[in-house]
Every structure is written in C-alpha cells, then in structure tokens.
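>>> Return atomic coordinates for the entry below.
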Amino acid sequence: MFRHVMLVLSIALVAALALAACGSTSSPASSSQTSAKHEVANVAYAGSLQLLNDQTIGPDFSKASGYGYVGRGAGSFGLSKEIAAGEITPNVFESIGAAPITQLEPSKTSWYVSFASSPIVIAYNPTTSYAPTLKLISQGKLPLARVFALLGSRGFLLGRTNPNTDPQGQAFYEMIELAVKRYHLPTSQVAKILGQPDNPAQVFSETSLEARLGAGQLDAASAFESQAIQLHLPYIKLPASINFGDPRLARVYASASLKLANGSVVHGVPLVVDATIIGHHDLRASVAFLRYQLDTAGRRAFTNAGYTVFRPIFVGSDIPASVKQQAE
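Next up is the predicted model:
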C-alpha cells in the first residue's frame, strides 16, 4: 500500500513541479466533463481539498447533477488575490478560514457558509532515520513534547506551506508558538524550528508539500488530518488546544499571532472549510455544487475523508435561498 501511495505522490510531485516551471501559482485544473446543461461548477479551492474535490466530490457531483466540474487548488489567500485581480474567474470559492472570502466582500460576494473542519497534524515519512522515534511519539510511547525538540534538530527536514498565502501555513507557525508555551520550552525554540515565516528551506506550495514528504524529500511536514488520512501518511495527532481544529477554542487559538511579509499581524483562527458563490456566471451549476456539498452525499464524502462535519453556519447577506434551504 505504501509503495503505491509513494508512486501516486511522486507523480503528483512531478506534475506540480512541471507547473511551477511554467510559472503557475496554482495546481492544475482537474478534469471536467461536458454537461448536458452547458453549465460548469468552476471551483477554486484550498489545496488541501484537492484529492477530495477532484477525485470524489467533483466527479460524483457531475454524475448526479449533469453539470460540469472544473477544480483549481492553491493556498486560499493566494486564490483570493487572484480572484480579486480578475486573474481567475471561478463561480465557487472554498477556503480554509473565512478571511480569504471576506477579503472579497462586497465586490465578489457577501456571504459564506461553514460546514467542516480538520485539525493540524504533523505527518511524517515512515522510511527516514527519524521515523522510529516519530512513530513512538504518535503511539504515545514517548512524550509528545519530544517532537518539538526533534523538529529543531540539526539536519531535520521539515516542510510547511507559506503563511503569507495559506491559512495552513499560518496555523502551523502559530501551532508551534502554542506548543512551546504548553510544554514550557524556551521561546527561542520557535525560531529554531521554523526560522523566518517564509523560510525557503521549509516552505512549499500546498499542492506539492505532501508529495515531497511522500517522496522522502522531507522527514515531516504540516498537514490537515484529512490529508494524512487520504494519502495514507502516518502522523502525530496534537491536542485540541494547539491543533486549530475545534471552533469552540477560538479564543485559545487567537492568543497566537504572526507578522506577515506585508507587515500585517494575524491571529490564530479555527481551521474551518468555508464556501461561497462568486459572481453570477453559470449560477445554476454553482448553486447546485454547494447544495450537493451540504446534502447527504457531500457530507458523507467529507466525513469519509477525515473531516468533522457540523451543522452549516451561514454568515452574511443575500444568501441564495436554495442553498440555505438545503442546510435546513
């Protein structure tokens, strides 16, 4: 099984690198199928949703509805900027955290719906020299605090996403801050583990990070638990107070902060899947896609992929009635 997963991840890595060579900042658009209704759900999504959207929800949605599906994955903040600039024109936007969506208000949308969450974990490659120790930590046979000393070890290859463009990148950086406090480690351990927020030795695109980990180019990497489950990667679970997966602990997460490259300071927020409709083109297809995700089949797909699905929470105004009714 692991060899098969490594092969899949290696192929994904080659594809991601090829795109990077072409100057693209996003993952490749997924396959679409021509709809008998001549409308397409054009979905820009957080890179962590790539497998779920492109291999399960997108194809199943098209088969059930007759509408086409096209997907594009990347860091949520990066996608938000591309949408704002008119560089891409999706009609559905799914981000991790609401901030990338609210940045588009009021010109592109006026609402969003939250419906699933997944905590941060530390995924690791099971074949590197650090794997035996990481496995013992994941099994609870060594104290969890041990991993935060290990991550700062000389020669340890850690990967993460860019906090300037990706909510997971922000959350992972802030998770290390919270962990250092929780386990009474020296405050200097944050910089020892991570370096600068955009440390080029650690930062990779969200759509290529786990592929690099699977290919053995990294010892460990940040991941959502849902990603680790879908990719069959071993991982270390973290306490709820530092994993950013429980919306009820928003105040705890907000105690961690990070200064971005543009000088702004962001505070930790729960890692929740938020979605909205952008613009009015192919509106029936975009509405149908969101309705599908909020219906039984979509919720089941998220659950099977390792997400915690909760009753949808709508925020904002001018929410399409048919979308809201689907959640009632």
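>>> which other residues reach stretch 293-306?
Judged by Cβ atoms under 8 Å, 6 or more residues apart in numbering, the contacts made with stretch 293-306 from elsewhere in the structure are 51-52, 56-57, 60-61, 64, 113, 115-116, 118, 224-230, 273, 275, 292, 309, 312, 323, 326-327. Where C-beta positions appear, they are placed from N, C-alpha and C, glycine not excepted.
>>> Just the buried ones from those?
51-52, 56-57, 61, 113, 115-116, 118, 224-230, 273, 275, 292, 309, 312, 323, 326-327 (16 or more other Cβ atoms under 10 Å).
>>> Sitting in strands, which of these do you find?
When these are checked against strands (DSSP state E), the matches are 113, 115-116, 224, 273, 275, 309, 312.
>>> Look up which helix or strand Ala285 falls in, please.
Counting by DSSP states H and E, the element that carries Ala285 is helix 283-294.
>>> immediately after that helix, which helix or strand?
Taking DSSP H and E as the definition, the helix or strand that follows helix 283-294 towards the C-terminus is helix 296-304.
>>> got the angle between that following helix and helix 283-294?
50 degrees (axes from the mean of the first three to the mean of the last three Cα atoms, to 10 degrees).
>>> What residues sit buried inside helix 296-304?
For helix 296-304, by 16+ other Cβ under 10 Å, it's 298-299, 301-302.
>>> and which of these is nearest Lys135?
Sorting the buried residues of helix 296-304 by distance to Lys135 puts Phe302 at the head of the list, at 28.0 Å, by Cβ to Cβ.
>>> Poorly predicted segments of the stretch 1-150 of the chain, please.
1-37 (pLDDT under 70).
>>> Let me see the ranges of the strands in it.
Listed in chain order, the strands found in the stretch 1-150 of the chain under DSSP state E, counting those that start in this stretch are 40-46, 68-74, 92-96, 111-117, 120-124.
>>> Geometric centre of this protein: which residue is closest?
To find the centre residue of the chain, average its C-alpha atoms and take the closest one (Cα atoms, centre = their mean): that gives Ser48, at 3.4 Å.
>>> Ignoring the adjacent residues along the chain, who's closest to it?
On the basis of Cβ to Cβ, 6 or more residues apart in numbering, the spatially nearest residue to Ser48 that is not a chain neighbour turns out to be Phe224, at 4.9 Å.
>>> picking that back up, including pLDDT and distance to Ala215, could the buried residues of helix 296-304 go into TSV?
Compiled in TSV, those are given as follows (pLDDT from 0 to 100; distance: Cβ to Cβ, whole Å):
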residue	pLDDT	distance to Ala215
Gly298	96	31
Arg299	96	33
Ala301	96	27
Phe302	96	27
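>>> can I get those residues in a markdown table with distance to Pro247?
As requested, those are arranged in a markdown table below (distance: Cβ to Cβ, whole Å):
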| residue | distance to Pro247 |
| --- | --- |
| Gly298 | 20 |
| Arg299 | 17 |
| Ala301 | 21 |
| Phe302 | 15 |
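>>> that older thread, distance of the residue nearest to the centre of the chain from Ser118?
As defined by Cβ to Cβ, to the nearest Å, Ser48 lies at a distance of 8 Å from Ser118.
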